[in-house]
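Participant: how would this look folded up:
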Amino acid sequence: MIQSGLLIVRGVSVLQNKSIISSLSSLGTNLTAVSVSNTQVRCYAARKGYRKQREAKKVKKEKVKISFSEKVRLEKEAKLRSRHGILKFDDSKKPLPVDNVWVQMFYQWKVYSFKEAVQCHRETHHPEMYNKPQEKLNVRVELNMEGEKKTRLLDDFHRVVAMPHKFDMGEERTVLALAKSPDIQAVARDAGATLVGGVELIKEIQTGSIALTDFQTVVAHPDILVDMVCLRGLMKKKFPNPKNGTLSPDLEKAIDTYLNGLKYSAMKNQFEKDFGLIETFIGTLDMDINHLEENFASVIRDIHKMKPKRDGEFVRRCLLWSPPVVERLKVDYSVYLENDKGKDEETDEDEEVEKVAVQ
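Facilitator: Presented below is the predicted three-dimensional model:
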């Protein structure tokens with residue numbers, strides 16, 4: 001198409017355009033050839049949010065300063081998150097070692113009897129080695145926190161278990177005992193209760209003459225429970241309860257448990273909610289090995305009382321260790337577990353106590 005001495009050539013390449021110009025020049029024509037592409041240009045709206053993103057990139061982001069403690073917390077949280085999925089240790093698919101020397105990571109952990117594990121720790125803490133024969137003997141118990149239904153998990157729990165053989169817990173404990181009968185009050189005093197009283201003591205607590213914060217635990221006999229109802233709001237979690245042993249007809253046993261018993265807590269992992277962990281200690285290495293074993297059995301049996309009514313294991317693994325040695329020895333705990341019948345009998349006893357308290 002020719003317009004006013006201008007030749008517009010559409011849809012041709014640059015090389016074709018040059019050939020056309022050269023051919024026209026040879027003919028002596030005074031025309032100018034212009035190549036116009038067939039590319040269509042259309043205006044579309046920007047993607048939603050694109051402009052905001054572009055503007056946000058231009059803005060300089062200010063660095064937020066965090067404290068050292070917050071930095072440590074974030075690093076610890078990142079470390080826990082990176083370990084997600086490896087807390088629930090299971091080496092059942094690995095082979096058993098066949099020699100007396102093996103690479104631990106490729107074989108199942110050796111399972112020791114309790115006495116064998118204690119003896120191993122005593123050898124490492126001997127005066128000729130670490131020279132700490134009186135070091136604490138720690139217990140690490142790993143739990144399966146699944147409830148009766150897999151969609152429900154057990155709550156964290158805190159318990160106190162009586163130790164057959166006492167040892168220094170490293171803290172002073174205070175117990176407030178309440179009972180109506182003067183004879184029971186005398187028994188409570190002999191058991192070592194910090195403060196013992198009856199109805200008159202309840203009135204002093206109401207008026208504020210006695211502060212409940214001065215006592216770690218409050219134990220009571222069922223005969224005074226009716227008079228204690230007015231203190232439920234003040235005591236809250238400290239209010240005596242037969243489930244944790246603070247409301248009991250055997251006040252002497254309850255006081256001894258909370259004065260000399262072992263406190264432990266089962267806590268769910270922050271990222272693996274079905275993994276629970278208990279870390280406590282059951283004595284020192286210089287104690288009689290039979291006494292240590294009885295203390296260990298008491299702790300394992302008390303933990304097993306919290307097992308929900310479902311199939312499968314509750315205690316996943318039990319390890320013994322003693323600082324400064326980092327070696328943990330796997331212990332066979334199943335030999336100390338009682339049958340479910342004994343557990344049901346204890347539950348029935350608690351229900352009877354509750355019925356007596358209500359009456």
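Participant: quick one: the strands in the stretch 101-250 of the chain?
Facilitator: Along the stretch 101-250 of the chain, the stretches classed as strands by DSSP state E, counting those that start in this stretch are 111-112, 136-144, 157-161, 175-178, 195-197, 217-220.
Participant: Contacts for the first one next, please.
Facilitator: By Cβ atoms under 8 Å, 6 or more residues apart in numbering, the residues outside strand 111-112 that reach it are 120, 320, 329-332. For glycine as for every other residue, the C-beta is placed from the backbone atoms N, C-alpha and C.
Participant: Please repeat the previous calculation with a cut-off of 6 Å.
Facilitator: Residues outside strand 111-112 that contact it (Cβ atoms under 6 Å, 6 or more residues apart in numbering) are 329-332.
Participant: burial of Lys52, as a residue count?
Facilitator: The burial count assigned to Lys52 is 9, neighbours taken as other Cβ atoms under 10 Å.
Participant: again but with Leu277, I slipped
Facilitator: When neighbours are defined as other Cβ under 10 Å, Leu277 has 16 of them.
Participant: Report the beta-bridge partner residues of it.
Facilitator: Assessed by DSSP bridges, Leu277 has beta-bridge partners Glu142, Met267.
Participant: ok, it to Ser67 distance?
Facilitator: As judged by Cβ to Cβ, to the nearest Å, Leu277 and Ser67 stand 28 Å apart.
Participant: What are the structural domain limits within this protein?
Facilitator: In terms of domains, the chain is parsed into 2-36, 104-165+261-346, 175-246 (source: automatic domain parsing).
Participant: okay if I get these as CSV plus mean pLDDT?
Facilitator: Below are these laid out as CSV (pLDDT from 0 to 100):
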stretch, mean pLDDT
domain 2-36, 51
domain 104-165+261-346, 90
domain 175-246, 92
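Participant: need the ones you listed in a markdown table with distance to Lys93, can you?
Facilitator: Converted to a markdown table, the domains of the chain look like this (distance: least, Cβ to Cβ, whole Å):
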| stretch | distance to Lys93 |
| --- | --- |
| domain 2-36 | 68 |
| domain 104-165+261-346 | 9 |
| domain 175-246 | 39 |
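Participant: Nearest approach to Leu74 belongs to which of these?
Facilitator: Distances from Leu74 to each of these were compared by Cβ to Cβ, and the smallest falls on domain 104-165+261-346, at 13.0 Å.
Participant: starting at the chain centroid, how far to that closest one?
Facilitator: 15 Å (Cα atoms, centre = their mean, to the nearest Å).
Participant: which stretches of the stretch 201-350 of the chain form helices?
Facilitator: Ranges of helices in the stretch 201-350 of the chain, per DSSP state H, counting those that start in this stretch, are 232-235, 251-260, 289-304, 340-358.
Participant: Just the buried positions in the third one, please.
Facilitator: What it means is helix 289-304. Along helix 289-304, the positions that meet the burial threshold by neighbour count (16 or more other Cβ atoms under 10 Å) are 291-304.
Participant: Show me what it packs onto, helices and strands only.
Facilitator: Under the contact definition 3 or more Cβ pairs under 6 Å, 6 or more residues apart in numbering; DSSP states H and E, helix 289-304 sits against helix 114-124, strand 157-161, strand 275-284.
Participant: Show me the one of those that comes nearest Pro240.
Facilitator: Of all the helices and strands packed on helix 289-304, the one in closest proximity to Pro240, counting by Cβ to Cβ, is strand 157-161 (13.5 Å).
Participant: Can I get the buried residues of helix 289-304 in a markdown table including distance to Asp156?
Facilitator: Below are those laid out as a markdown table (distance: Cβ to Cβ, whole Å):
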| residue | distance to Asp156 |
| --- | --- |
| His291 | 30 |
| Leu292 | 27 |
| Glu293 | 28 |
| Glu294 | 27 |
| Asn295 | 23 |
| Phe296 | 22 |
| Ala297 | 24 |
| Ser298 | 21 |
| Val299 | 17 |
| Ile300 | 19 |
| Arg301 | 20 |
| Asp302 | 16 |
| Ile303 | 13 |
| His304 | 17 |
